[in-house]
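Peer 1: okay, sequence plus prediction incoming.
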Number of protein chains: 2
Amino acid sequence: MERITAKYYIETPYNVEESAAVLAGEQSSGTFVSVPGETEELKKRFAAKVESTELLETADKPAIPGAVSSTGKYNRALIEVSWSIENFGYNIPALISTLQGNLYEIKQFTGLKLMDFQIPESYKNHFKGPCFGVNGSRKLTGVENRPLIGTIIKPSVGMTPQQTASLVSTLAEAGIDFVKDDELMASTTNSKFEDRVDAVMKVVNDYADKTGKKIMYAFNISEEIDTMLKRYEYVLKKGGTCAMISINSVGFSGVKKICDQGELAIHAHRNGWGMLNRHPLLGIEFPAYQKLWRLAGVDQLHVNGIQNKFWESDDSVVRSIESCLKPFLNEKTILPVVSSGQWGGQAPETYRRTHTTDLLYMAGGGIMAHPLGPAGGVVALKQAWEAAVDGLSVKEAGKKYKEFGKSIEKFSK
Amino acid sequence: MERITAKYYIETPYNVEESAAVLAGEQSSGTFVSVPGETEELKKRFAAKVESTELLETADKPAIPGAVSSTGKYNRALIEVSWSIENFGYNIPALISTLQGNLYEIKQFTGLKLMDFQIPESYKNHFKGPCFGVNGSRKLTGVENRPLIGTIIKPSVGMTPQQTASLVSTLAEAGIDFVKDDELMASTTNSKFEDRVDAVMKVVNDYADKTGKKIMYAFNISEEIDTMLKRYEYVLKKGGTCAMISINSVGFSGVKKICDQGELAIHAHRNGWGMLNRHPLLGIEFPAYQKLWRLAGVDQLHVNGIQNKFWESDDSVVRSIESCLKPFLNEKTILPVVSSGQWGGQAPETYRRTHTTDLLYMAGGGIMAHPLGPAGGVVALKQAWEAAVDGLSVKEAGKKYKEFGKSIEKFSK
């Protein structure tokens, strides 16, 4: 029978093997005392199995509150645990409850993080994965051989549909590929969702008629199910190509339902991610996280960016980009959305470390606050990426390209 | 215009007021540089506002990775931030992205936890809250003046529908009020959901016909939306009164959709909670968490229990119970689900600290592994609660009641 294997980074004041066994028991057939019915046969078929334990460093203090060590030492380890897919079949919420459920409350652990998991072959027959992914997003925008250049409507909230549309018009003339609502912006008193779609799609469609280039605008449809479906249909009817969802706020079942419609590229915003990931020994790491959302079917997923304004390290960002571009399920990769304090100056380092242009490269202030205006900002980003692929440094790129030179003057610290 | 106010426990190496202002900017109209369009008028209407800051202790080390202090000190504080409801209206996913979104990634904070939030009056007109709650759950089970006594089918996974039904029959004879699937159990190869409903509801309905008492069985319907709706209908058709959802695994929009059906009591299992709450300076506290799920409309919500087998402190459990029993929205309270290592020995302390019997008191091994069998286990729990309300100690209760005395012998450490 096929099994799902998960890898955890753990910390415990106790013996690592015994603690791993507690986790396996809690997350399958066990409870705190033996009960009738927990037969050897049942255990053999349904019990989770500790596949491996690899001891790592020890710590002097517990990473998170839990049991207190009698020796003053806390043992860290990587452990692998597996479950028969008989336990949950192809039910992802049940899988999530198995991989990420009560185990975070077990006091034997003073640290526990889900690092990654492996799905069995048969999952490919039950989950179609992203309908668009990297190639579909490129096809919808007509962008080849460089990252899609995108921006976020700023100020995040407060603009009217007409102001937003007018900004999109400016950005279209500037040569942008992609524009998105902010995650804080869904439907506000002065920018009703449908009014914003009407105003923005008029600009997008007119520009497409004129030039043949259709900008992808990610409308934030995050809401209750029925409203999301209604808004999805509205975007589609008006000729839109993309919808955005705050995936943590909507949750797995809601996101899956929207992705299943299959007609718009789904831009997945991971706001709230810091809560799930920021502590080194609590929560979930991105390689596991992005697989769950690929099972839901998202096409584009946020990964922060090199030298971002947030707390996340470059190493973590690089690993996230690589995760999105590893085949999974139907072999379609998903588009990593690079953002947060990006202005082009990070392009050379991003390319040096990832060797890919399969990115949606987003700059907010980096475009809108460019000294030569948004058009200068978009040109500068394209120049930065051309320079990056050619192996130029930021300084060399600034000398070669006028607009990017201006970016350096304004944004470089 | 009405505002929503949220309280955060924060830690920062910088000035607390300035860091609070960064949070307010990030979560409303700001970005990392000033952009055209962020006018004073727009800011006045849509910008988040820091309402108060209250300095607390300082720490020598950062609670989570972030900016490094030049003074070696990290300032802790309680801050209150407010938003106009114009920013999101009655869209809870957008509200979640505002209260719990990118702010967790701001590096100015080396700790950030959402403690609580206040909703404006008008939310009552848009969200009906729980359809059943405490009173509805009591009415459906016919239990008055004491906690509902419940148990979880164990082993969690692996039993056939017939084995499960046979256990329910034993528990019915034993006098149980409530039985639930384990959160790991949805539909497995040897216990298909519909087969389990058929087998269990036959027992439940037969017992109700015979005695007039209908046991509430919480079938775990956690799945994709369409499957959840189908299974919900199936439970309803077979005469069931309750469905269980792993709320973190399914997510807000999915849970809301199910609660909106309004015909079954919704038992909310919060597995994964440790990931969101276990660190004292990261994530969300229960008073805020339970409000979000009451907006979705759940009727019963897990809170762990006094002296539980997990890491959570008694203080935290008591506060959680109190949170569920504070009126909110339509004034209906929700039923706190007490569980984890409970066997009745915790009843006196639970009552002493909460002075309520409005609880669903769950024991797994505490019932199933009772020396006199499940019937003895259920009787012992009822005795424990009678003793608790009468102000008896565990020891006194053990002397007065035979079955509970046996519980002490078996489970007391």
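Peer 2: Structure received.
Peer 1: for the rest of this, base every contact and every neighbour count on C-alpha atoms.
Peer 2: Fine.
Peer 1: distance of A:Trp280 from chain B?
Peer 2: No Trp there; residue A:280 is Pro. Separation of A:Pro280 from chain B (C-alpha to the nearest C-alpha, to the nearest Å): 8 Å.
Peer 1: what's around that residue, how many residues?
Peer 2: Neighbour count of A:Pro280, defined by other C-alpha atoms under 10 Å in any protein chain shown: 15.
Peer 1: same question, A:Ile221
Peer 2: Other residues close to A:Ile221 by other C-alpha under 10 Å number 28.
Peer 1: nearest spatial neighbour of the closest residue to chain B within the stretch 301-413 of chain A, skipping sequence neighbours?
Peer 2: Nearest residue of the stretch 301-413 of chain A to chain B (C-alpha to the nearest C-alpha) works out as A:Trp311 at 4.5 Å. Of all residues not flanking A:Trp311 in the chain, B:Lys107 sits nearest, at 4.5 Å (C-alpha to C-alpha, 6 or more residues apart in numbering or on different chains).
Peer 1: now swap in A:Asn15 and tell me
Peer 2: A:Asn75 (7.8 Å).
Peer 1: please work out which residues outside the helix or strand that neighbour falls within touch it.
Peer 2: Element membership for A:Asn75, per DSSP states H and E: strand A:74-84. For strand A:74-84, the external contacting residues (C-alpha atoms under 8 Å, 6 or more residues apart in numbering or on different chains) are A:1-16, A:20, A:24, A:45-62, A:110.
Peer 1: what comes up buried for the helix or strand encompassing A:Ala199?
Peer 2: Using DSSP H and E, A:Ala199 sits within helix A:193-211. Buried residues in helix A:193-211, counted by 16 or more other C-alpha atoms under 10 Å in any protein chain shown: A:Phe193, A:Arg196, A:Val197, A:Asp198, A:Ala199, A:Val200, A:Met201, A:Lys202, A:Val203, A:Val204, A:Asn205, A:Tyr207.
Peer 1: out of these, who's nearest B:Gly158?
Peer 2: Nearest to B:Gly158 out of the buried residues of helix A:193-211 is A:Phe193 (C-alpha to C-alpha; 47.6 Å).
Peer 1: which residues does the closest one contact?
Peer 2: For A:Phe193, the contacting residues are A:Ala186, A:Ser187, A:Arg231, taking C-alpha under 8 Å, 6+ apart as the criterion.
Peer 1: what pLDDT is listed against it?
Peer 2: Note for A:Phe193: predicted pLDDT of 97.
Peer 1: need the pLDDT of the nearest residue to A:Ile106 once chain neighbours are set aside.
Peer 2: Nearest residue to A:Ile106 in three dimensions, chain neighbours excluded: B:Phe310, at 5.0 Å (C-alpha to C-alpha, 6+ apart). Note on B:Phe310: pLDDT of 91.
Peer 1: closest residue of chain A to chain B?
Peer 2: Closest point on chain A to chain B, by C-alpha to the nearest C-alpha, is A:Gly251, at 3.6 Å.
Peer 1: which is the next helix or strand following the host helix or strand of A:Ser97?
Peer 2: Assigned by DSSP H and E, A:Ser97 belongs to helix A:92-99. Next helix or strand after helix A:92-99 toward the C-terminus (DSSP H and E): strand A:111-118.
Peer 1: do any residues in that following strand lie close to chain B?
Peer 2: No - Strand A:111-118 is not in contact with chain B by C-alpha under 8 Å from any C-alpha of the partner chain; minimum separation 8.7 Å.
Peer 1: which strands or helices does that strand pack on?
Peer 2: Packed against strand A:111-118, as judged by 3 or more C-alpha pairs under 8 Å, 6 or more residues apart in numbering or on different chains; DSSP states H and E, are the following elements: strand A:3-12, strand A:282-284, helix A:286-296.
Peer 1: buried ones in that strand, by neighbour count?
Peer 2: Those would be A:Gly111, A:Leu112, A:Lys113, A:Leu114, A:Met115, A:Asp116, A:Phe117, for strand A:111-118 by 16+ other C-alpha under 10 Å.
Peer 1: hmm, A:Ala6 and the third one touching each other?
Peer 2: No - at 10.5 Å, A:Lys113 does not count as touching A:Ala6 under the criterion of C-alpha atoms under 8 Å.
Peer 1: wait, doesn't A:Met216 sit right on A:Val179?
Peer 2: Yes - between A:Met216 and A:Val179 a contact is recorded at 6.3 Å, counting by C-alpha under 8 Å.
Peer 1: so who does A:Thr160 touch?
Peer 2: A:Asn190, A:Ser191, A:Arg196.
Peer 1: could you dump the residues you listed to CSV with distance to A:Met362?
Peer 2: Shown next, in CSV, are the contacts of A:Thr160 (distance: C-alpha to C-alpha, whole Å):
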residue, distance to A:Met362
A:Asn190, 26
A:Ser191, 23
A:Arg196, 21
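Peer 1: and which of those is nearest A:Gly89?
Peer 2: Using C-alpha to C-alpha, the contacts of A:Thr160 come closest to A:Gly89 at A:Arg196, 41.5 Å.
Peer 1: quick one: residues contacting that closest one.
Peer 2: Counted by C-alpha under 8 Å, 6+ apart, A:Arg196 has contacts A:Thr160, A:Pro161, A:Gln162, A:Thr164, A:Ala165.
Peer 1: can you tell me the SS state at A:Ala340?
Peer 2: Rather than Ala, residue A:340 is Ser. coil (DSSP: H, G, I helix; E, B strand; the rest coil).
Peer 1: my read: it touches A:Ala363, true?
Peer 2: Yes - with contacts counted by C-alpha under 8 Å, A:Ser340 reaches A:Ala363, the gap being 7.3 Å.
Peer 1: one step back: count of residues packed around the residue nearest to A:Ile106?
Peer 2: Using other C-alpha under 10 Å, B:Phe310 has 21 neighbouring residues.
Peer 1: repeat that for A:Ala48.
Peer 2: A:Ala48: 26 neighbours (other C-alpha under 10 Å).
Peer 1: give me the low-pLDDT residue ranges for chain A?
Peer 2: Residue ranges of chain A with pLDDT under 70: A:30-37.
Peer 1: how's it carved up into domains?
Peer 2: A:3-125, A:133-411 (automatic domain parsing).
Peer 1: please work out which of those is packed deepest.
Peer 2: Most buried of these by mean neighbour count (mean count of other C-alpha atoms under 10 Å in any protein chain shown) is domain A:133-411; its value is a mean of 21.
Peer 1: span of stretch A:102-120 from start to end?
Peer 2: 23 Å (C-alpha to C-alpha, to the nearest Å).
Peer 1: my bad, stretch A:307-318
Peer 2: End to end - C-alpha to C-alpha - stretch A:307-318 spans 11 Å.
Peer 1: just give the nearest non-adjacent residue to A:Ser12, would you?
Peer 2: Slight slip there: residue A:12 is Thr, not Ser. Leaving aside its sequence neighbours, A:Thr12 sits nearest to A:Phe109 (C-alpha to C-alpha, 6+ apart; 4.6 Å).
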